[in-house]
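Visitor: no FASTA, just this:
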């Protein structure tokens, strides 16, 4: 039983360390470096393209009025038509 507990602790430690490696070389997840093609599909935010082809990212429900744009880092006035 003690051996199993030690084995689980070693596995958890190794997995934790593998996730921290290569974090200083750009974006990575679990030590796997992300390329620009991996980050073009936005699945966390609602992506809205305005009438002038500008792309905006909003999180959650978009309300008529001020909404936080995560792509531009500012409040933006949104009018739902």
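Guide: All right, it came through fine. All values derive from a computational prediction rather than experimental measurement.
Visitor: which regions of this structure lie under the pLDDT threshold?
Guide: Applying pLDDT under 70 to the chain flags residues 17-43, 81.
Visitor: tell me the domain boundaries of the protein?
Guide: 1-37, 42-81 (automatic domain parsing).
Visitor: sec struct for residue 52, please.
Guide: When classified by DSSP: H, G, I helix; E, B strand; the rest coil, residue 52 comes out as coil.
Visitor: before we move on, what about residue 8?
Guide: helix.
Visitor: what's the neighbour count on it?
Guide: A count of nearby residues for residue 8, using other Cβ atoms under 10 Å, gives 10. Quick note: C-beta positions are derived from backbone N, CA and C, even for glycine.
Visitor: Residue 16 versus that one, what's the distance?
Guide: As judged by Cβ to Cβ, to the nearest Å, residue 8 and residue 16 stand 13 Å apart.
Visitor: Give me the neighbour count for residue 69.
Guide: Residue 69, neighbours per other Cβ under 10 Å, totals 19.
Visitor: For it, what are phi and psi?
Guide: phi -100, psi 120 (degrees, to the nearest 10).
Visitor: Quick check, it in contact with residue 54.
Guide: No - using Cβ atoms under 8 Å, residue 69 is not in contact with residue 54, being 9.6 Å away.
Visitor: what separates residue 57 from residue 51, distance-wise?
Guide: From residue 57 to residue 51 the distance is 17 Å (Cβ to Cβ).
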